[in-house]
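Visitor: Model the following, please.
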Amino acid sequence: MSRGRKKNSGNSGDDMGNDAINDTSIGPIDVHVGARICARRKLLQLSQKQMAEKLGITFQQVQKYEKGVNRIGAGRLYTIAVILGVDIDYFYSGLTPDQTNQSAEYSDLNLNFLQEDGSEFKSDPMQGAEAVMLLKAFYSLPPKARTALLMMLTSLKDREDPDNDA
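Guide: The predicted model follows:
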């Protein structure tokens, strides 16, 4: 007699309709998290190989994470956050319920992150190569220059914003 857990090969009827919760398919949240990892890694000028070595995995696995092909476990995501010097929240920044096509059933329970489908994910312009280059250039400036640049950009935005009555 085996001592391991018996695998459930069929629907036992006790899942109470939690198919969406138990779904392990890759969805837009995985793609978003992977893109955020990629953007931060590039900002820090880490190669996929260097990232893989720090994680103790292959660079191909890092590629799969960044493309959203493979889902990242909680422990591994925490380790990635430490390596990249960010909080876990960083990876989920910018996600909204409409981007992940959440149903009212789950949003009422504040479980929005659990139900995913295969619809196309709208990419964030902050994850593009130009955004990474802009951030690198911005952070290479001295702090006073960064502050002055931000003030200038804010004043330009305020002048051009027709919704702003100021």
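
Visitor: domain assignment for this protein?
Guide: Annotated domains of the chain cover 24-122, 128-166 [automatic domain parsing].

Visitor: Buried residues, the shortest one. List them.
Guide: Of all the residues in domain 128-166, those buried under the rule 16 or more other CB atoms under 10 Å are residue 132. Any C-beta I mention is one placed from the backbone N, CA and C, and that applies to glycine too.

Visitor: Adding mean pLDDT, write the domains of the chain out as TSV.
Guide: Below are the domains of the chain laid out as TSV (pLDDT from 0 to 100):
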stretch	mean pLDDT
domain 24-122	79
domain 128-166	79
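
Visitor: Surely residue 61 touches residue 69?
Guide: No - judged on CB atoms under 8 Å, residue 61 makes no contact with residue 69 at a distance of 9.8 Å.

Visitor: Give me the more crowded residue out of the two.
Guide: More crowded of residue 61 and residue 69, by other CB atoms under 10 Å: residue 61, with 18 against 13.

Visitor: For the protein, just list every one of the helices.
Guide: 19-22, 28-43, 48-55, 59-67, 74-84, 89-92, 104-107, 129-140, 143-160 (DSSP state H).

Visitor: for the third one, packing partners?
Guide: This means helix 48-55. helix 59-67, helix 74-84 (3 or more CB pairs under 8 Å, 6 or more residues apart in numbering; DSSP states H and E).

Visitor: Looking at those, which is nearest to residue 148?
Guide: Counting by CB to CB, residue 148 lies closest to helix 74-84 out of those; the figure is 28.1 Å.

Visitor: in that closest one, what counts as buried?
Guide: 77, 80-81, 83-84.

Visitor: Taking their axis directions, it and helix 59-67 sit at what angle?
Guide: If you take axes from the mean of the first three to the mean of the last three CA atoms, to 10 degrees, helix 74-84 sits at 90 degrees to helix 59-67.

Visitor: Which elements pack onto helix 74-84?
Guide: Judged by 3+ CB pairs under 8 Å, 6+ apart, the packing partners of helix 74-84 are helix 28-43, helix 48-55, helix 89-92.

Visitor: 10 Å instead?
Guide: Using 3 or more CB pairs under 10 Å, 6 or more residues apart in numbering; DSSP states H and E, the elements in contact with helix 74-84 are helix 28-43, helix 48-55, helix 59-67, helix 89-92.
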